[in-house]
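Enquirer: based on what follows, work out the 3D shape:
(one chain, ligands or ions: 1)
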Amino acid sequence: MHADSRAPRPGSPGDGYEEFCKRYPAYGSTSIIDDLRAKEFSRLDKHGHVYVDYTGGGLYPESLIRDHAEFLLGAVLGNPHSSNPTSAVSTELVERCRRRVLEFFNASPDEYVPIFAANATQALKLVGESYPFCKGDILLLCFDNHNSVNGIREFDRARGAVTKYVPVMPPDLRILDCVLERYLDESPKICDRLFAYPAQSNFSGVQHPLEWIEKAHEKGWSVLFDAAAFVPTNRLDLSRWHPDYVAVSFYKMFGYPTGVGALIARREALEKLQRPWFAGGTITVASVQADKYFLAQGAQGFEDGTLNYACLPAVERGLDFIDSIGIDTIHTRVISLTGWLIEHMLALTHGNGRPLIRIYGPTDMNMRGGTVAFNVYDGTGASIDHLTVEERANKWNISLRTGCFCNPGAGELALGLSKNDMIQCLDRSGSRMSLSEFRQCIDGKSTGAVRVSLGLVSNFNDVETLLRFLGEFRER
Ligand SMILES: Cc1ncc(COP(=O)(O)O)c(C=O)c1O
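Expert: Numbers count the residues shown, from 1 in each chain. Just a heads-up that it's a prediction; the model follows:
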């Protein structure tokens, strides 16, 4: 590992820190996070980690694990939904966690109900499989959606409904308001229409306007809001914005527990969903002989089998942890560091003046988060394979991510892969295609990018080490 020799000493910001503080004075107001990093995340600096994959997964504070372990050691928890004493404790903990989730997102319990799921993907699938699509109905997606949203088109297709995609426009990879409006307007009002979009792109970091929720509602659409990449570093106030369905994964916010997410649904919108099956936990009554079942009302009707009840109390603690820092403080920190990172990435040039880095997505900090997708170029202007960049980053103990990050639409448009390129390549194969076969097929064009994403306890040293690592690609 190179990290020990090259990274600045933990706690001592490298060169440029003063300049950074002048350019981003608000960063100073986030110093509580430096203290927390030393106290709660010391494992990062102890092992020389530069963690820049927060959109992949958040990091947990030590106290969350300790407190939760202590709680578990002192509790006797039974499977919920029975009246025995240990079951009653678990049931109350589940309901307490539900109330805490609503409180965190400032959602009224009269309006919203959180349904616990394994992750954001399962939350999205609950909507996809239960939305009452019929022939002629419309599912409107964005090129910028995660595959866990794109997959809903298969439910839609199976029922004879139509899927449409709103494109994002390079180089910023945003959707123009007027283009979205055209798509929202052009579908017949008589059919049922579901619009699904990400609050923040997990590819480019673009934040799509929350105002679209109201716009879509005014035009009669239901709104599925993928907040998985947004909520770790941004405030989502569900008393101000009223999407019908919101999907989140808690490990992206505070690292632990993995395997717990939620669909936060408007009660009225939940009524509209028709579950395709029943399972343990979801019914009030089911009969084998009468071949009938009755679904439970509200969240319970959507929570298949036994919830991760031993971990839900840790979700409450995780939300408390974020509140103890303040989501706006986390946001300010991430935005300041991302602004500096992008400025300095763009300033990296080879000896002949050619740029080293091409960023996909916005290069200013207006309506964007801390996720940056890019490729590295050599002195002739040829792109360096993203897997090579990842291999070299691994040697620096830098955890970044490469590929298309489960967001093929944004990737295809960013990398200039046309519909024809994709059809020719994908139609040539049989029923299976490996990633390396796809890479060969698209030969000559880049099939992916490098992604770094800043989060909860990112600091100036992380960014400086990353910039020094990228500078190593420089040809003098
Ligand atoms: C925008 C977005 N949506 C959905 C998901 C899926 O989340 P999970 O894998 O936790 O289900 C992710 C994960 O990165 C994401 O970034």
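
Enquirer: from the rest of the structure, what touches the helix or strand where Val94 lies?
Expert: Assigned by DSSP states H and E, Val94 belongs to helix 85-104. With C-beta atoms under 8 Å, 6 or more residues apart in numbering as the test, helix 85-104 has contacts from 75-82, 108-109, 112-114, 116, 238, 262, 264, 299, 307, 309, 312-313, 315-316, 319-320, 322-323. Using the backbone N, CA and C atoms, a C-beta is placed for each residue, glycine as well.

Enquirer: what subset of those residues is buried?
Expert: 77, 80-81, 112-114, 116, 238, 262, 264, 299, 307, 309, 312-313, 315-316, 319, 322 (16 or more other C-beta atoms under 10 Å).

Enquirer: which of those fall within helices?
Expert: Leu312, Pro313, Val315, Glu316, Leu319, Ile322 (DSSP state H).

Enquirer: using CSV, lay out the residues you listed together with distance to the ligand and pLDDT.
Expert: Putting those into CSV (distance: C-beta to the nearest ligand atom, whole Å; pLDDT from 0 to 100) gives the following:
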residue, distance to the ligand, pLDDT
Leu312, 16, 98
Pro313, 20, 98
Val315, 14, 98
Glu316, 19, 98
Leu319, 17, 98
Ile322, 17, 98
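
Enquirer: just these now: which is nearest Glu412?
Expert: Proximity of these to Glu412 (C-beta to C-beta) peaks at Ile322, which lies at 34.2 Å.

Enquirer: can I get the helix or strand in which Val450 is found in PDB? Just the C-alpha atoms.
Expert: Val450 is part of strand 449-453 when elements are defined by DSSP H and E. Provided in PDB are the C-alpha atoms of strand 449-453 (Å, rounded to 0.1, in the frame of the first residue of the first chain):
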ATOM      1  CA  ALA A 449     -16.300   5.600 -15.800                       C
ATOM      2  CA  VAL A 450     -14.700   6.200 -12.400                       C
ATOM      3  CA  ARG A 451     -16.900   7.400  -9.600                       C
ATOM      4  CA  VAL A 452     -15.900   9.100  -6.400                       C
ATOM      5  CA  SER A 453     -18.500  10.100  -3.800                       C
END
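
Enquirer: that one vs the ligand: in contact?
Expert: No: judged by C-beta under 6 Å from any ligand atom, strand 449-453 stays clear of the ligand, getting no closer than 9.3 Å.

Enquirer: what mean pLDDT does the helix or strand following that strand get?
Expert: Sequence order places helix 460-471 as the next helix or strand after strand 449-453, per DSSP H and E. Helix 460-471 carries an average pLDDT of 97.

Enquirer: run the angle between helix 460-471 and strand 449-453 for me.
Expert: Helix 460-471 and strand 449-453 are oriented at 170 degrees to each other (axes from the mean of the first three to the mean of the last three C-alpha atoms, to 10 degrees).

Enquirer: helices or strands up against helix 460-471?
Expert: helix 3-6, strand 50-51, helix 327-346, strand 398-399 (3 or more C-beta pairs under 8 Å, 6 or more residues apart in numbering; DSSP states H and E).

Enquirer: quick check: which of those is buried the most?
Expert: Burial of the helices and strands packed on helix 460-471 is given as mean neighbour count (mean count of other C-beta atoms under 10 Å); strand 50-51 ranks first at a mean of 24.

Enquirer: list the buried residues of the helix or strand just after that strand.
Expert: Using DSSP H and E, the helix or strand that follows strand 50-51 in sequence is helix 62-74. Neighbour-count burial for helix 62-74 flags Leu64, Ile65, Asp67, His68 (criterion: 16+ other C-beta under 10 Å).

Enquirer: how about the nearest residue to the last one, chain neighbours excluded?
Expert: The shortest distance from His68 to any residue that is not its chain neighbour, by C-beta to C-beta, 6 or more residues apart in numbering, is 4.3 Å, and that residue is Ala314.

Enquirer: try the second one
Expert: The shortest distance from Ile65 to any non-neighbouring residue, by C-beta to C-beta, 6+ apart, is to Tyr256 (6.3 Å).

Enquirer: which positions in the stretch 201-350 of the chain make contact with the ligand?
Expert: Counting by C-beta under 6 Å from any ligand atom, the residues of the stretch 201-350 of the chain that sit close to the ligand are Asn202, Asp226, Ala228, Ala229, Ser249, Gly261.

Enquirer: ok, 5 Å please
Expert: Contacts of the stretch 201-350 of the chain with the ligand, taken as C-beta under 5 Å from any ligand atom, map to Asn202, Asp226, Ala228, Ala229, Ser249.

Enquirer: of those residues, which is the nearest to Asn459?
Expert: Among those, and counting by C-beta to C-beta, the member closest to Asn459 is Ala229, at 20.8 Å.

Enquirer: doesn't Pro198 make contact with the closest one?
Expert: Yes: Ala229 is within contact range of Pro198, at 6.4 Å (criterion: C-beta atoms under 8 Å).

Enquirer: mind listing the shared neighbours of those two?
Expert: Joint contacts of Ala229 and Pro198 (C-beta under 8 Å, 6+ apart) are His146.

Enquirer: show me what contacts Ile342?
Expert: Ile359, Thr363, Asp364, Met365, Val372.

Enquirer: which among those residues end up buried?
Expert: Looking at the contacts of Ile342 with 16+ other C-beta under 10 Å, the buried ones turn out to be Ile359, Met365, Val372.

Enquirer: so which of the residues you listed belong to strands?
Expert: Of the buried ones among the contacts of Ile342, the ones assigned to strands by DSSP state E are Ile359, Val372.

Enquirer: list just the nearest of the buried ones among the contacts of Ile342 to the ligand.
Expert: Val372 (14.2 Å; C-beta to the nearest ligand atom).

Enquirer: so what's that closest one closest to, chain neighbours aside?
Expert: Closest to Val372 by C-beta to C-beta, 6+ apart is Val452, at 5.4 Å.

Enquirer: shouldn't the one you found be in contact with Leu400?
Expert: Yes: counting by C-beta under 8 Å, Leu400 is a contact partner of Val452 at 4.9 Å.
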